[in-house]
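# attaching a predicted model along with its sequence, questions to come.
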Amino acid sequence: MGLETWFMDSSEEDQRKPHKLTPDQPVSLEELRQLGVFHWKLNADIYETDPELEKIRKDQGYSYMDIISIHKDTLPNYEEKLKSFFEEHLHLDDEIRYILDGQAYFDVRDQEERWIRIAMKKGDLITLPAGIYHRFTLDETNYTKAMRLFVGEPVWKAYNRPADDSDIRKKYVTSLQGC
Ligand SMILES: CSCCC(=O)/C(O)=C/O
Ligand SMILES: [Fe+2]
């Protein structure tokens, strides 16, 4: 099955729940592309030797990679980190994540301030553009393992909303015009 994405409801209920609208309002990959969000489906069982992943890394210049296991028993400061991942924020660089195991959600804001939820499963690689407002949460399974990729040395700093006056946000918003 392809990547599942949908517009979220506005309920304050547990962030790990799907938060689908009734009726469900799916979002297409094309709509994601217009926001600068790109997706690949890979075979995570062979990530250590996968030529497809190698090609993406070479073509995109993703020289850095590490692996993060997000579970209460494996991630130091688990609660604190999950809380900060779910704060609406942006980065100065693209956020590139490849799910090796488990599953999780990325939420991104569209041009009309709606939240789009992206259900990431094993084998999904996604890139979120620098300057997009987004957040991350585990789902009700409470576990994922992800590869983090980066062009050059990683910069993890997150700028919580509001960051509307930052150059990267202005550049991102400008890039959406005409879409
Ligand atoms: C799946 S890696 C943890 C989430 C993260 O690094 C981030 O910046 C979320 O937006
Ligand atoms: Fe982020």
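Good, I have the coordinates. Ligands and ions are numbered 1, 2, ... in the order given.
# from now on I want contacts and neighbour counts done on CA atoms only, so please keep to that.
Will do.
# pull out the CA atoms of stretch 38-50 and give them to me as PDB.
Output of stretch 38-50 as PDB, limited to C-alpha atoms (Å, rounded to 0.1, in the frame of the first residue of the first chain):
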ATOM      1  CA  PHE A  38       8.900  14.100  -1.300                       C
ATOM      2  CA  HIS A  39       8.600  10.400  -0.700                       C
ATOM      3  CA  TRP A  40      10.300   7.200  -1.700                       C
ATOM      4  CA  LYS A  41       9.400   3.600  -0.900                       C
ATOM      5  CA  LEU A  42      12.400   1.400  -0.200                       C
ATOM      6  CA  ASN A  43      13.100  -2.100   1.100                       C
ATOM      7  CA  ALA A  44      14.100  -1.500   4.700                       C
ATOM      8  CA  ASP A  45      15.100  -5.100   5.100                       C
ATOM      9  CA  ILE A  46      18.200  -4.500   3.000                       C
ATOM     10  CA  TYR A  47      19.000  -0.900   4.000                       C
ATOM     11  CA  GLU A  48      22.700  -1.700   4.800                       C
ATOM     12  CA  THR A  49      23.400  -2.800   1.200                       C
ATOM     13  CA  ASP A  50      20.500  -1.300  -0.800                       C
END
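# buried residues, that stretch. List them.
Buried positions in stretch 38-50, judged by neighbour count with 16 or more other C-alpha atoms under 10 Å: 38-39, 41-42, 44, 47.
# what do you get for stretch 70-80?
70-71.
# do the same with stretch 125-143
125-139, 143.
# let's see which of those residues end up in strands.
When the buried residues of stretch 125-143 are checked against strands (DSSP state E), the matches are 125-128, 134-138.
# of those, which ones also sit close to ligand 1?
Restricting those to those touching ligand 1 (C-alpha under 6 Å from any ligand atom) yields 135-136.
# mind putting the ones in strands among the buried residues of stretch 125-143 into a markdown table with pLDDT and distance to His19?
A markdown table is the format used below for those (pLDDT from 0 to 100; distance: C-alpha to C-alpha, whole Å):
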| residue | pLDDT | distance to His19 |
| --- | --- | --- |
| Leu125 | 98 | 22 |
| Ile126 | 98 | 21 |
| Thr127 | 98 | 22 |
| Leu128 | 98 | 21 |
| His134 | 99 | 16 |
| Arg135 | 98 | 14 |
| Phe136 | 98 | 14 |
| Thr137 | 98 | 12 |
| Leu138 | 98 | 13 |
